[in-house]
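*Asks:* Curious how this folds, go ahead:
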Amino acid sequence: MKLSAELTAYNRSAEADNPANYLGYSLNFNSLYYPNQHAYTLLGQFDYVKLNDANVVNYGYLHTRVNFLRKRVLSYEIFFQYSYDDFRGLNPRWLTGADVRIRLFEGEKTSVVISTGIMHEYEKWRVPVSEREVEANFIKSTNYLSIRHTFNELIDFNMIGYYQTGYDKEVDLFRNRLSSSIILNSKLTQSLSWKNSFDISYEDEPIVPITKLIYTFKTGISLDI
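*Replies:* From the prediction side, this is the model:
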């Protein structure tokens, strides 16, 4: 299990009647358990930033996945995810689905996997500059490409890219989402690693009028438990 956490708090201001109170925390964990021929994964990320009385960032997700017959070239997965992004007006998003996983290549240092499947997605959005809420229910195609490479005993690279699409009959169009997560780990000790991550997501037809492209870059220390 990999775990990284960060807490930041300060009170700094040039004016006594105009304070700048900042509170922020970040928690990430990645747990993998594979006792026999199946694998069980639990991922989570929670980020929060508050400046004075305003919540600037309040984002998080919890993802669990089971890979059945993981040692075979063709295996199967089921997954479940809960996420929220209060600053953008999303709370909650629920995903439930299943897919077929195909191992295209597996070498001593590199593995390449593709997957295709189907999922149900429920979202509740708050319309910007409004108290109005919009709910969305979709059956979507979900697909991913995963690449893992170990450069040496100290450095490894992980990348996963998703393409998800579903038809919205109310507006007669497909809503497409592209997202990717890239992680570069550098081992410092037996238990500590320096982790660099870049996450990016693009939606061509958002449910409500928000920014279509978002991304996050993080760097920090992770603990192997």
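*Asks:* Read off the pLDDT value for the spatially most central residue of the chain.
*Replies:* Centroid-nearest residue in the chain: residue 61, 6.7 Å away (criterion: Cα atoms, centre = their mean). According to the prediction, residue 61 has pLDDT 97.
*Asks:* Verify the contact between it and residue 29 for me.
*Replies:* No: using Cβ atoms under 8 Å as the test, residue 61 is too far from residue 29 to be in contact (11.4 Å). Where C-beta positions appear, they are placed from N, C-alpha and C, glycine not excepted.
*Asks:* circling back: for the residue nearest to the centre of the chain, which non-adjacent residue is closest in space?
*Replies:* residue 83 (3.6 Å; Cβ to Cβ, 6 or more residues apart in numbering).
*Asks:* Please apply the same query to residue 99.
*Replies:* Counting by Cβ to Cβ, 6+ apart, the residue nearest residue 99 is residue 117, at 2.4 Å.
*Asks:* For that neighbour, what is the enclosing helix or strand?
*Replies:* Element membership for residue 117 (DSSP states H and E) is strand 110-126.
*Asks:* Same question for residue 182.
*Replies:* Short version: residue 182 belongs to strand 173-187, going by DSSP H and E.
*Asks:* what residues does that strand touch?
*Replies:* 138, 153-168, 193-205, 207, 222 (Cβ atoms under 8 Å, 6 or more residues apart in numbering).
*Asks:* That one: what's the following helix or strand?
*Replies:* strand 192-203.
*Asks:* Direction included, what does the following helix or strand past that following strand pair up with?
*Replies:* Counting by DSSP H and E, the next helix or strand C-terminal to strand 192-203 is strand 213-224. Strand 213-224 pairs in its sheet with strand 2-11 (antiparallel), strand 192-203 (antiparallel), by DSSP bridges.
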